[in-house]
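Visitor: Have a look at this prediction, sequence included:
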Amino acid sequence: MTPVYPEWSRTIRDVADFPKPGILFKDITPLLADAKAFDAAVKAMAAPWRAAGVQAVLGVEARGFILGAALALELGAGFVPVRKPGKLPGATLQQEYTLEYRSDRIEVCADAIAPGTRVVLVDDVLATGGTLAAALLLAGQLEAQVLGAAVLVELDGLGGRARLPAGVPLQATLVY
Ligand code: AMP
């Protein structure tokens, strides 16, 4: 069955061969620039979590900041930035992860949340799942109570969902 996509999802632009040949890049910048589409997208992302008692949203740099901060406000939760190396002051927790051809690292402030805080992780796109899997490990280092993860777009067929630990609910608003 062909999925039916909401009208606002048309503001997400497909850019072929960016940032390198063979990648179909899902560009959310036109969505962000459209007030109604941005609002609808954030409300759709928030819907599954409204009754979940989310206390903090962990957003992954950089587009996970934009959607994650908006989602945090929508859910009445705090926002915690998960950043690229060397950006956060003070003591940090770190997690290495491997991408297609290289490895990378993400960090979070060691005292960002109290142990047991009920969190949801957010990014714009789930592709191979490496980024979100690493962020989940960081949430584990923070001793957060992970309620699940939320992405605006899941690229089905890249195996991202399977890379996440079993038992972590993943809510994808749009699946392509
Ligand atoms: P991955 O770790 O492979 O799941 O990749 C997810 C991260 O890379 C997210 O932070 C996305 O913003 C970005 N990303 C990966 N693939 C795409 C794509 N096709 N379009 C837009 N962003 C992507």
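Guide: On my side now, so go ahead. Numbers count the residues shown, from 1 in each chain.

Visitor: Can you confirm whether stretch 60-76 lies near the ligand?
Guide: Yes - interface with the ligand: stretch 60-76 contributes 60, 63 (Cβ under 6 Å from any ligand atom). Where you see a C-beta, it was placed from the backbone N, CA and C, and this is true even at glycine.

Visitor: State the distance from the nearest residue to I23 once chain neighbours are set aside to L24.
Guide: Nearest in space to I23, with sequence neighbours left out and distances taken as Cβ to Cβ, 6 or more residues apart in numbering, is D17 at 6.6 Å. For D17, the distance to L24 equals 8 Å [Cβ to Cβ, to the nearest Å].

Visitor: With V153 instead?
Guide: V153 is 11 Å from L24, where distance means Cβ to Cβ.

Visitor: which one of those two has more residues nearby?
Guide: V153 (20 against 11; other Cβ atoms under 10 Å).

Visitor: okay but the more buried one is in contact with V122, surely?
Guide: No - in this structure, V153 is not within contact of V122 by Cβ atoms under 8 Å, at 12.0 Å.

Visitor: And for P165, the neighbour number?
Guide: Counted with other Cβ under 10 Å, P165 comes out at 10.

Visitor: Skipping adjacent residues, who's closest to it in space?
Guide: L136 (6.3 Å).

Visitor: wait, doesn't the one you found sit right on A144?
Guide: No - the pair L136 / A144 is not scored as a contact, 9.4 Å apart, by Cβ under 8 Å.
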